[in-house]
Structures are given as structure tokens and as C-alpha cells.
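A.B. asks: Quick one, what's the 3D model for this:
(one chain, ligands or ions: 1)
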Amino acid sequence: MKFRLLTPGPTPVPEETLLELAKPVPFHRTPEFRQLLAEVLDDLRTVYCSKNTVIPLTSSGTGALEAALVNSVPTGKKVICLIAGRFGERWKNICKAFGLEAITVTVPYGQAVQPDQLKRALTDHPDAAAVCSTLSETSTGIGHDIAAFGKIVAQSPALLLVDAVSGLGAMECRVDDWNIDLCCTGSQKALMLPPGLAFVSVSAKAWQAIDKHDAPRAFYFDLKKARKNLENSDTPYTPAHTLVRALRVSLKKILAEGMENIWMRQARYAQAARAGFLALGLELFANPPNNALTVVKSPPGIDSTVLLTKLEKQYGLKLANGQDELKGKIFRLAHMGYIDMFDILAAISGVELVLKEMGHPVELGKGLAAAQKVFAANE
Ligand SMILES: *Cc1c(COP(=O)(O)O)cnc(C)c1O
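C.D. replies: Next comes the predicted model:
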């Protein structure tokens, strides 16, 4: 049986990237590594659609969120957190851990925060130092209108921080055009790498805020120190350099296709996945859904935990469950990164087979046909 990793992190890694990871470990303080790091950060700027500094961090994606927040916002300041799911909650929890006052704008899970809600929060809290949001809210599958958020925040002194961990490289994200001040991502989603690297892009407005604070707000995640070392294409501490070397390979693959082509392909994947599940009579959980993953409600009487276990054990299809209170109620199919149309068709086909086995009324092939039609119309 073939195993298919279809979770929203980690995601499958291309063969040529895996081969890079099989090579011997070199020393890291060398001209070769500095050249490699500079090249990778340059390529990442293309992915970010930005001319900003991109800081590499040896951590999972959350490290980038923490670095972005603690470096740019001083203790005691207000931060507006736009919360549409678990990852929005994470911003609030980081605020709590570092003595920042979180002003929360929360919507029911499955929905997105509207630009007007942000506008109101900023009017009510003109002293907010930052606005924290999520491009792709991976826990529910919704996408936020970051372009609209950026327009609003740019007119205020606040910084816009975006968790783009599962969104960057899967859906449109234009850091410079959209005025994103600190944009965070991690290696194990659309960048097609194992976990272990995180990145944050830093705008001129963000550097101004960061440079204003003299007291160090972080040690390992000190962005000023990282910027200083980057002048020499180096990192303050031992980088996960074998991952950086592998990232070069995945990035070349990404750049060869081109960001706009990837966004279009991702849109087609998402459209096919949605069409397939809807044709089976299932309901989507997210409104509006994003193009990085498709989140589906488990039909009445079907526990998604059972469905997912069967999918994995019987068909090698690893999809993700809901988290916390959504566990057992939804399932999440990721289609970001190193995924092709047949992975999506396999997932829909597997869901049909398992639902039928579980006694849910499905007409085999109905979802599959609906998804195929989307692909056929686009060929
Ligand atoms: C995966 C993910 C993260 C990062 O989680 P880590 O486990 O720290 O890598 C953060 N935000 C979103 C939206 C994610 O999907």
C-alpha cells in the first residue's frame, strides 16, 4: 500500500529534496554556506513577493510568530488579535506569555474576520501597536482578506503581523503590495521541506518599531542580532544548514513553476476538492474556504475520527482530524506543496469508499467525477 501524507503540515517532500538531505553534513561557518543562505533568502523573497529582509530561524513556524511579536511590540502594549481559529488563538497566547495586552476580535470557527471588524477595533484602540492575523487558518480552512487588512493597518501606526505558515506558497500573498510588516512562515507546509525552519519577513516600518526598543526582548529570537549577522549572510547560532541546503532544491522547483502559476494550480485543486465533497452531499466547514486545504464537516452519524482511521489503515490516506472541540466533527485535506491532482482524486475516492463502508449513503464515483470534471475543464 502506498502512503499519502495529505495533512496540513507536515506535507510530502519531493524526491530531489530528500536526496539532498541524504548527503553528508558539512561544516556551517564557510563561504559556501553563506552563499547558499544568501541564495535561499533571495529565492524566498520571490515567494514572499517582497524586497524585505527575510530572517531565517531554526524552529517550527510558531518560533517565527513569537519572534515577530516580541521583537516588534514592547511589554504592556496593546495588540489586536484577529481570531478565527486555533492559530489566531496562538497569537493571543503569545501575547499573554510576554505581557502584551491582547484585544481580541473573534468570529465563530468556520468564518473569517471581516475587514470592517478590524477597522472598528483600530478605531476603538488607536494605541494598538500591532494587528495579528492569519492568512490561512489551518484549523478551520478559512482564508483572510489580508490585502484589505493591510490597507487598513497601513493608515495607522500599528504593524500588521501575518501568520502565513500554511498559506505562503499555496495562496496569493503579496507582502509588499499588501503592506504586511512581519510575515511568518515555516518549512513544513507549502515550502515542501520537513519541519525545522521558520522565516519572518520584516518591513521598514517594522524595523523602525524594532529599533526603537533598546531593552532586548528576546535572546535566541533577537531579530536585530539576526539582521546584524545577515549582513555577512550568516546566522547568530548554528543554523539547520542541512535543511537550508534542501530548501534550495524545493525553492528551485517552486520558482521554476512561478508563484502565479502555483496560486492558479492551487485554486484548481481547491475547486476540485470542494466540488468532489459537495457532490457526495457533504458540507464544507469554511466560509470562505482557502486554497491550501479543504475542510469538510463529517456527516451526521459519522465520527471523523473513525473515518480518518479507516482511511489511513485501509487506504494509506493520511488526512487530518479537527483539533480540540472540532475533533471527530470535521476532516481536513491539505493540497499544498508537493501534491498533484491524483492525490486529491485518491482522497475523494477513499472518502467515498469509507463512507460507504460506514453505512453512509454515497454513490461511488460521484465525488470523483465532480472533481475530475473540474480538472478536465481546466486542462
Ligand atoms: C502549521 C502552522 C503553524 C506552525 O505550527 P508549528 O507547529 O509551530 O510549525 C502556525 N500557524 C499556522 C496557520 C499553521 O498552519
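
A.B. asks: For my notes, confirm E16 occurs in a strand.
C.D. replies: No. Per DSSP: H, G, I helix; E, B strand; the rest coil, E16 lies outside any strand segment and is helix.

A.B. asks: ok, it to P10 distance?
C.D. replies: Counting by CB to CB, to the nearest Å, the gap from E16 to P10 is 17 Å. All C-beta spots, glycine's among them, are computed from the backbone N, C-alpha and C.

A.B. asks: Between the two, tell me which one has more neighbours.
C.D. replies: P10 (17 against 12; other CB atoms under 10 Å).

A.B. asks: Hmm, the more buried one is touching P195, no?
C.D. replies: Yes. In this structure, P10 is within contact of P195 by CB atoms under 8 Å, at 5.7 Å.

A.B. asks: any shared contact partners between those two?
C.D. replies: Q188 (CB atoms under 8 Å, 6 or more residues apart in numbering).

A.B. asks: ok now do the spatially most central residue of the chain, which residues does it touch?
C.D. replies: Centroid-nearest residue in the chain, with CA atoms, centre = their mean: S166, separated by 1.4 Å. By CB under 8 Å, 6+ apart, the residues touching S166 are 8-9, 135-136, 138, 189-190, 292-293, 334, 336.

A.B. asks: Quick one: classify it as helix, strand or coil.
C.D. replies: Recorded secondary structure, S166: coil (three-state DSSP).

A.B. asks: The ligand versus that one, what's the distance?
C.D. replies: 3 Å (CB to the nearest ligand atom, to the nearest Å).

A.B. asks: any idea how far G167 is from the residue of the chain found nearest the ligand?
C.D. replies: The ligand sits closest to G61 of the chain, with a gap of 2.8 Å, by CB to the nearest ligand atom. Distance, G61 to G167, using CB to CB: 11 Å.

A.B. asks: okay but D234 is in contact with L36, surely?
C.D. replies: No. D234 is beyond contact range of L36, at 11.3 Å (criterion: CB under 8 Å).

A.B. asks: The two: who's more crowded?
C.D. replies: For the pair D234 and L36, the greater number of neighbours falls to L36 (20 against 16), based on other CB under 10 Å.

A.B. asks: secondary structure element for that one?
C.D. replies: Element membership of L36, judged by DSSP states H and E, is helix 31-48.

A.B. asks: mind listing what V25 touches?
C.D. replies: V25 touches 241-242, counting by CB under 8 Å, 6+ apart.

A.B. asks: So it lies in a helix, does it not?
C.D. replies: No. Counting by three-state DSSP, V25 is not part of a helix but coil.
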